[in-house]
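> This is a predicted model, with the sequence first.
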Amino acid sequence: QVQLVEAGGGLVQAGGSLRLSCAASGRTFNNYDMAWFRQAPGKEREFVAAISSSGARTNYVDSVKGRFTISRDNAKNTVYLQMNSLKPEDTAVYYCAADWAGGNLIRQYAYWGQGTQVTVSA
């Protein structure tokens, strides 16, 4: 069982930066693949980025490549999402997710955080 708590959301102007964090409970954090998803108002939840359990592999949706960076600190049981050059279309609730063998699909993740709101003003 893994519990996930996101933090770091907020209001930022276009072009600005935010860093989201997701703290995980449990002693097996370094066995889990981790990911970030987001859901904008009126839209379906979508994949943003994922990182393998060791941190060696990462994957991003095309719309954030070159702007967002996912990373993890297994000693701190925490995964991060550094978001730079933010755009109004990045506005959404961002969710952290974990599973033994994740990917870029919602159904591949059993554990989810409660979400953190990111709002980017024009």
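Sure, I can see it.
> G55 reaches R72, doesn't it?
Yes - if you go by CB atoms under 8 Å, G55 and R72 touch, sitting 5.2 Å apart. Just so you know, the C-beta spots here come from the backbone N, C-alpha and C atoms, and that holds for glycine as well.
> which one of these two has more residues nearby?
Comparing G55 with R72 by other CB atoms under 10 Å, the one with more neighbours is R72, at 23 against 15.
> Can you tell me the closest non-neighbouring residue to the more buried one?
V79 (4.4 Å; CB to CB, 6 or more residues apart in numbering).
> Next one, pLDDT for G102 please.
We have a pLDDT of 88 for G102.
> same deal with T28?
At T28, the model reports a pLDDT of 87.
> Please apply the same query to S121.
97.
> Give me the distance between it and T91.
9 Å (CB to CB, to the nearest Å).
> which stretch of helix or strand covers the most centrally placed residue in the chain?
Centrality entry for the chain: nearest residue to the mean C-alpha point is W36, 2.5 Å, by CA atoms, centre = their mean. Counting by DSSP states H and E, the element that carries W36 is strand 33-39.
> Name the residues of that strand that come out as buried.
33-38 (16 or more other CB atoms under 10 Å).
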